[in-house]
Each structure stands twice: as structure tokens, then as C-alpha cells.
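**Student:** Pasting the sequence and the predicted model now:
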Amino acid sequence: MGPSEKEKMLSGMPYRPGDPELQAEMAAAKVWMVRYNAALAESPAVRRALLREQLGAVGEGAVIRPPFHCDYGSNIRLGQGVFLNYNCVILDVAEVSIGDGTQIGPAVQIYAADHPRDPQARAQGLESARPVRIGRNVWIGGGAIILPGVTIGDDAVVGAGSVVTRDVPARATVVGNPARGVTARTHGD
């Protein structure tokens with residue numbers, strides 16, 4: 001017997017998102033999101049406990065301000081002191097890791113989900129996934145979109161509203177659509 005649809009999804013192979021196992025996990029994540037998003041007025045400690053119920057890893061001091069939306073949650077890994085502001089979306093059909101001290105502005109969207117470029121494969125309902133890795137001490141401005149397979153290096157800055165289509169080197173600043181580098185920073189800047 002070959003790999004399950006979930007195994008295919010997590011390995012980046014084309015998979016069928018309508019698979020019953022995947023649908024059940026997404027349904028459970030939706031139930032969790034209703035609880036989490038209703039906890040806006042709760043203490044950070046209560047919300048962090050809720051995050052630890054669903055997310056793959058939650059570092060000490062990590063904060064996600066509701067409302068928050070994801071596909072599964074179990075493929076999201078937050079380092080220590082990570083901060084996501086209101087209205088963030090993470091399509092975590094592959095691992096999305098966010099390093100210690102990273103701050104993410106409101107309405108940022110992080111997509112590990114991808115779709116075939118071939119129209120026949122899309123018509124068959126196939127999807128794929130590529131992990132997203134965000135390093136330590138990164139700042140991502142509000143409304144930015146991070147596309148599948150992107151890695152953002154430590155200490156980088158992504159300008160508000162940018163669409164990140166390619167890897168961002170450590171300490172780089174990128175802005176625009178598509179995001180392009182504007183400066184190389186050194187210590188003390």
C-alpha cells in the first residue's frame with residue numbers, strides 16, 4: 001500500500017485534499033478555531049494553553065491575537081516570543097516554522113498550500129504543499145503575503161503589503177509585489 005494522502009501532503013507530493021482523514025483533521029481545526037477566536041478577551045496564558053492544544057509547537061511567550069485562521073494548526077511551529085497580530089492566516093498543509101522573537105503584523109497570510117500549474121491536474125482536484133520557514137527576529141509588516149516554499153532568513157524585514165515569492169536572505173529588507181531587496185543592513189543599523 002502506498003503513502004496516505006496525509007503522508008503525500010506532508011512530503012510535498014500531489015495529494016487529494018478531500019481525503020476523509022484530512023477532512024476530519026480540518027473539521028477538528030475549525031472547531032478549535034471557534035474556541036480560540038472566542039478567547040480574545042482571555043488572558044495571554046489562557047490563549048497560549050489553547051494554542052498548545054492545536055499547534056505543533058508553541059514557544060514560551062508566543063502570542064497570536066484572535067481572530068486567527070489555519071488549515072490544521074498541527075503543522076505550525078512557533079518559537080519563543082513570536083507575535084502574530086490580528087487576522088493572520090496560515091495555510092499549514094506543510095510545516096510553517098516561525099523562529100524566536102519574530103513579529104508578524106495584522107492580516108499577514110502565510111501559504112504552504114500550492115496548486116498545480118497544469119489545468120488537467122487542477123481539474124483532478126490535486127493540490128501540493130511546500131514548507132515555509134521564517135527565521136529568528138524577523139519583522140513582517142501588515143498585509144504581507146508569504147508564498148509556498150519561501151524561506152526568510154534571520155533578522156530580515158518584509159515591508160507591509162509585500163508579496164514574497166522568493167527566499168529572503170538574513171538581514172535583508174524586501175518590499176513590493178513581488179518583494180525585492182532594498183538594503184543590506186549591518187549590525188547597529
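**Tutor:** Happy to help now that I have it.
**Student:** how near is Leu22 to Ile134?
**Tutor:** 24 Å (C-beta to C-beta, to the nearest Å). Quick note: C-beta positions are derived from backbone N, CA and C, even for glycine.
**Student:** Looking at these two, which one has more neighbours?
**Tutor:** Neighbour tally, Leu22 and Ile134, criterion other C-beta atoms under 10 Å: the higher count belongs to Ile134, 26 against 20.
**Student:** just checking, the more buried one touches Gly99?
**Tutor:** Yes. Ile134 lies in contact with Gly99 (C-beta atoms under 8 Å); the separation is 6.1 Å.
**Student:** Any idea how many residues pack against Asn37?
**Tutor:** 13.
**Student:** list the contacts for it?
**Tutor:** 66-68 (C-beta atoms under 8 Å, 6 or more residues apart in numbering).
**Student:** For the residues you listed, could you give me CSV that also reports distance to Ala38 and pLDDT?
**Tutor:** Shown next, in CSV, are the contacts of Asn37 (distance: C-beta to C-beta, whole Å; pLDDT from 0 to 100):
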residue, distance to Ala38, pLDDT
Pro66, 8, 97
Pro67, 10, 98
Phe68, 12, 98
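**Student:** Pull out the buried residues from the residues you listed.
**Tutor:** Taking 16 or more other C-beta atoms under 10 Å as the criterion, what is buried in these is 66, 68.
**Student:** Could you dump the contacts of Asn37 into a markdown table and include secondary structure?
**Tutor:** Listed next are the contacts of Asn37 as a markdown table, based on DSSP: H, G, I helix; E, B strand; the rest coil:
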| residue | secondary structure |
| --- | --- |
| Pro66 | coil |
| Pro67 | coil |
| Phe68 | strand |
